[in-house]
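J.: The sequence and its predicted three-dimensional model are supplied below.
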Amino acid sequence: MGLDQAVRTPRAVAGIGLRRATAADEIVALVHRALEEAGLAAENLAAIATPADRAGEPAIREAAAAFGLIPTALGPAALAAADARVVTRSSRIEAMRGVGSVAEAAALAAAGPDARLLLARIASAGATCALAGPPPPRGGRAAFHGAKRLSRNARCADAPEGKRPRPGVS
């Protein structure tokens with residue numbers, strides 16, 4: 001397996017929380033900012049998820065369409081099921097919605113039960129966005145770092161005895 005097959009960029013789900021008066025342009029800009037902060041390209045965006053009562057609003061539909069997507073609508077039960085994996089806690093949102101962060105809960109719920117946050121909630125004036133994606137494949141990250149360490153040690157194998165890296169140190 002080549003390195004390009006071993007290290008894959010995850011497909012991300014953007015969870016969106018928004019106020020009713022928020023414009024589509026603001027949501028699109030926030031999603032782009034989130035992708036940039038996570039080191040992902042727009043092509044890695046698999047879905048835009050939001051609470052069901054917001055999914056039909058023109059701004060979220062237009063924002064999703066800007067990425068070639070339609071909003072994924074999530075009911076209160078799906079959001080609540082993801083709440084244990086949410087890392088941001090807003091007492092105001094918790095009182096209103098029953099979750100610590102709408103954006104994080106929506107991203108995690110839509111990305112699946114094993115998903116992890118790729119980017120915790122960020123905010124603009126009228127919206128919040130978080131990114132979630134699948135967990136790394138078993139052995140993916142560790143195997144990559146192991147190959148990197150082996151490669152460095154192999155380059156140093158012909159170095160004089162006192163200049164070789166100590167075993168287990170990279």
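T.: Thanks, I have it.

J.: For this structure, give me the ranges with low pLDDT.
T.: 1-9, 138-170 (pLDDT under 70).

J.: mind listing the strands for this structure?
T.: In the chain, the strands defined using DSSP state E lie at 12-18, 45-51, 71-74, 116-123, 127-133.

J.: now those in a markdown table, with distance to Met96 and mean neighbour count?
T.: C-beta coordinates here come from the backbone N, C-alpha and C atoms, glycine included. A markdown table is the format used below for the strands of the chain (distance: least, Cβ to Cβ, whole Å; neighbours: other Cβ atoms under 10 Å):
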| stretch | distance to Met96 | mean neighbour count |
| --- | --- | --- |
| strand 12-18 | 10 | 29 |
| strand 45-51 | 11 | 24 |
| strand 71-74 | 15 | 22 |
| strand 116-123 | 15 | 20 |
| strand 127-133 | 13 | 27 |
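
J.: any chance of the ones you listed in CSV, plus distance to Ala105?
T.: Putting the strands of the chain into CSV (distance: least, Cβ to Cβ, whole Å) gives the following:
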stretch, distance to Ala105
strand 12-18, 7
strand 45-51, 9
strand 71-74, 8
strand 116-123, 10
strand 127-133, 8
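
J.: nearest to Ala109, of those?
T.: strand 71-74 (5.2 Å; Cβ to Cβ).

J.: Give me the contacts around that closest one.
T.: Under the contact criterion Cβ atoms under 8 Å, 6 or more residues apart in numbering, strand 71-74 has outside partners 13, 16, 47-52, 55-56, 60-61, 64, 105-106, 109-110.

J.: What strands line up against that strand, and which way round?
T.: strand 45-51 (parallel) (DSSP bridges).

J.: What are the boundaries of the helices in the chain?
T.: Remark: helices assigned in the chain by DSSP state H are 3-6, 24-38, 52-55, 58-66, 76-82, 91-97, 102-111, 140-156.

J.: tell me the most buried of those?
T.: helix 102-111 (a mean of 31; mean count of other Cβ atoms under 10 Å).

J.: helices or strands next to that helix in the packing?
T.: Contacts defined by 3 or more Cβ pairs under 8 Å, 6 or more residues apart in numbering; DSSP states H and E place helix 102-111 against strand 12-18, strand 45-51, strand 71-74, helix 76-82, strand 116-123, strand 127-133.

J.: Appreciated, that's everything.
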